[in-house]
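Asks: Only the shape, not the letters, is given here:
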Ligand code: PRX
């Protein structure tokens, strides 16, 4: 099937028994309810899905827009909602987490044990002086302990900030400092693909850089037993801290707006922003979307392959499934170890029924399966699957079709979920028992989400015509502010010309017939590489901070078959433009430099050297030309304003 045929294919919604949202009429009814009374709609769901200590009396408070508040006078505890209430309802013996380690070892933990462990952890945090409102940074391996620490923070009202284990010491330090964390929780090492990788050593380096004086304690989870340095005044073993702690801990009842977590993400300019989320509104959407988007039922085995260092891991590992009392798989390793059949084997072994992963993973596993029959999904029993999900980047129709046919056996609907760190949970997505699917389209807004496409002045754009993706009304799980920078929050997400709409930062188009949304990509200088979000400016600053070598740098994205987008850097060195082996050597040096500054995920794939960068006469770098050069396109654009046209030729050749 050609890409175009696939794109035009409308696949009827799955016929699911007792679906949570059964059919388009049920979907339309929910949308109508939300349209009729947005506040009443969300308030009803907040009462149904969450257990409140003190009921709220008001849904949305817009009085300080765009600093919206939801359910503000209600109190609750997130970990109570994720753990205690299930144990109280007789689900104590139900498996909460099936953890599979990198080496294949499996550990199960039921709700009663998870609650007990969370309480001991919470007591251990308190014993070290961590209290409500304090920030705790996690730099952890994928583990049951990672989830436990997040839940324990929620239990005592501490705000967690998880930093993905692939970020560098420098990035970690910046986040610890910005959050003013009182504690860092880490592991000695993480084990991925059979190899131990340092975590504690990176924390040591981060703290040694200075500026982390707020950190009183570093808690270390012993994962690998690898050698680490020990700073007696500050470092504590997590198991020792927990061992004598009681298995009960009264939850700290917090207001619905209490910050549950801050998660750093890249913006188009400057340093990463600390996206601050609430407790009540966030948890509502986490639970609601986990139930409706995945049609999650009590007997499902849910597996989201994300890392807890990203928002997907927060919402669809730590919070959503647990808030519903589900059984979920948590995986420490990588999809290609010991071979590229790992995901399929795990689905088979654990009888996974709902599987949620990223297009990059699918694309790389397609390649592997096509070149090696022994890891082809047909070699595994995937009959337990009933729903598939995709997240983080656009899924191209060819990958969609393969996922549908080879993993879903042609019978499992794929929910292509569009959302962002800032949105807390799904925004535009099919609901599997309701929405007919179109490969490559995230289809329709989740009921209650007022997604729309507008022009630069906030005016509606007709279907069939592209524009800017916005959300016209506040929703419960939206970002509350940027940690410590409310002005940046306002200017990034609520620019004055957009009439108070939330600006997502993506372009989109709605199909003229179906009204279905397709995301066309970021409209700012944010790249999406393997579903990881990266600011071009961040990478540029990292490059130019290599002051010994680099005079100037510009970074753009170009399409890449596997990773979606690839990072392409154009660099002017202080010395002469290198060629041949010399160019290769310096490119490697610069890649390693970026890995050290930000993390390996930010390493540019292409580095091209020039004597200069293409600039306008006023000195502005012409990025649109660089994008064309990066793609290997002929320059057809107007270059009459270009100061130095010859440089384009040079950059096009230097690869
Ligand atoms: O560009 C969109 C893309 O990922 C961005 C959000 O990245 P992040 O905050 O890291 O969150 C990723 C996990 C939710 C969006 O602005 N994106 C995310 N999901 C999709 C997507 N693009 C197309 N289709 C999607 N399903």
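Replies: In hand now; what should we look at? All values derive from a computational prediction rather than experimental measurement.
Asks: quick one: residue 621 and residue 535, what's the gap?
Replies: For residue 621, the distance to residue 535 (Cβ to Cβ, to the nearest Å) stands at 15 Å. Every residue, glycine included, has its C-beta placed from N, CA and C.
Asks: more neighbours, the two?
Replies: Neighbours were counted for residue 621 and for residue 535 using other Cβ atoms under 10 Å; residue 535 has more, 24 against 17.
Asks: Contact partners for the more buried one?
Replies: 266-270, 272, 525-527 (Cβ atoms under 8 Å, 6 or more residues apart in numbering).
Asks: And the residues you listed, which of them are buried?
Replies: Among the contacts of residue 535, those classed as buried by 16 or more other Cβ atoms under 10 Å are 266-267, 272, 525-527.
Asks: related to what we said a few turns ago, greatest separation within the contacts of residue 535: which pair is it?
Replies: Taking every pair in these and measuring Cβ to Cβ, the maximum separation is 15.4 Å, between 270 and 527.
Asks: can I get the contacts of residue 535 in CSV with secondary structure and distance to residue 471?
Replies: Formatted as CSV, the contacts of residue 535 follow (DSSP: H, G, I helix; E, B strand; the rest coil; distance: Cβ to Cβ, whole Å):
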residue, secondary structure, distance to residue 471
266, coil, 20
267, coil, 18
268, coil, 18
269, coil, 22
270, coil, 24
272, coil, 22
525, coil, 21
526, strand, 18
527, strand, 22
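Asks: Columns pLDDT on top of these, output as TSV?
Replies: Listed next are these as TSV, based on pLDDT from 0 to 100:
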residue	pLDDT
266	90
267	83
268	78
269	75
270	72
272	90
525	88
526	93
527	93
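Asks: Just give me the closest of those residues to residue 129.
Replies: residue 272 (27.6 Å).
Asks: how far away is the closest one from residue 195?
Replies: For residue 272, the distance to residue 195 - Cβ to Cβ - is 27 Å.
Asks: give me the element the closest residue to residue 118 other than its chain neighbours is part of.
Replies: Distance criterion Cβ to Cβ, 6 or more residues apart in numbering; nearest residue to residue 118, sequence neighbours excluded, is residue 151 at 4.5 Å. Assigned by DSSP states H and E, residue 151 falls within helix 144-156.
Asks: what's the model's confidence in that helix, averaged?
Replies: Mean pLDDT, helix 144-156: 98.
Asks: I'd like the next helix or strand past that helix.
Replies: Defined by DSSP H and E, the subsequent element after helix 144-156 is strand 159-162.
Asks: Can you give the distance of that following strand from its chain's centre?
Replies: Chain-centre distance of strand 159-162: 14 Å, with Cα atoms, centre = their mean, to the nearest Å.
Asks: And the ligand, is that strand touching that?
Replies: No: with Cβ under 6 Å from any ligand atom as the criterion, the ligand is not reached by strand 159-162; the gap is at least 13.1 Å.
Asks: Let me know the average pLDDT across the next helix or strand after that strand.
Replies: Using DSSP H and E, the helix or strand that follows strand 159-162 in sequence is helix 169-179. The predicted model assigns helix 169-179 a mean pLDDT of 97.
Asks: Counting neighbours, which bits of helix 169-179 end up buried?
Replies: Within helix 169-179, the residues that count as buried by 16+ other Cβ under 10 Å are 169-179.
Asks: ok, now stretch 592-603?
Replies: Result for stretch 592-603 [16+ other Cβ under 10 Å]: buried residues 593-599, 601-603.
Asks: so which of those would you say is closest to residue 225?
Replies: For the buried residues of stretch 592-603, the nearest to residue 225 is residue 599 (24.8 Å; Cβ to Cβ).
Asks: Nearest residue to that closest one in space, please, no chain neighbours.
Replies: Leaving out its chain neighbours, the residue that sits closest to residue 599 by Cβ to Cβ, 6+ apart is residue 167, at 4.2 Å.
Asks: burial count for the one you found?
Replies: Counted with other Cβ under 10 Å, residue 167 comes out at 23.
Asks: got the contact list for it?
Replies: Shown in contact with residue 167 (Cβ under 8 Å, 6+ apart): 139, 175, 309, 598-599.
Asks: do residue 338 as well
Replies: Residue 338 sits in contact with residue 194, where contact means Cβ under 8 Å, 6+ apart.
Asks: For the remainder of this discussion, apply numbering that starts at 4.
Replies: Will do, 4 is the new start, and the previous item becomes residue 341.
Asks: Just confirm it is within a helix.
Replies: No: counting by DSSP: H, G, I helix; E, B strand; the rest coil, one finds residue 341 to be coil, located in no helix.
Asks: Tell me where the stretch 304-453 of the chain has strands.
Replies: Under the criterion DSSP state E, counting those that start in this stretch, the stretch 304-453 of the chain contains strands at 304-307, 330-334, 357-360, 390-394, 417-420.
Asks: repeat for the stretch 4-153 of the chain
Replies: 63-64, 72-73, 78-79, 98-103, 109-113, 138-142.
Asks: which secondary structure elements does the second one contact?
Replies: Identification of packing neighbours for strand 72-73 by 3 or more Cβ pairs under 8 Å, 6 or more residues apart in numbering; DSSP states H and E yields strand 63-64.
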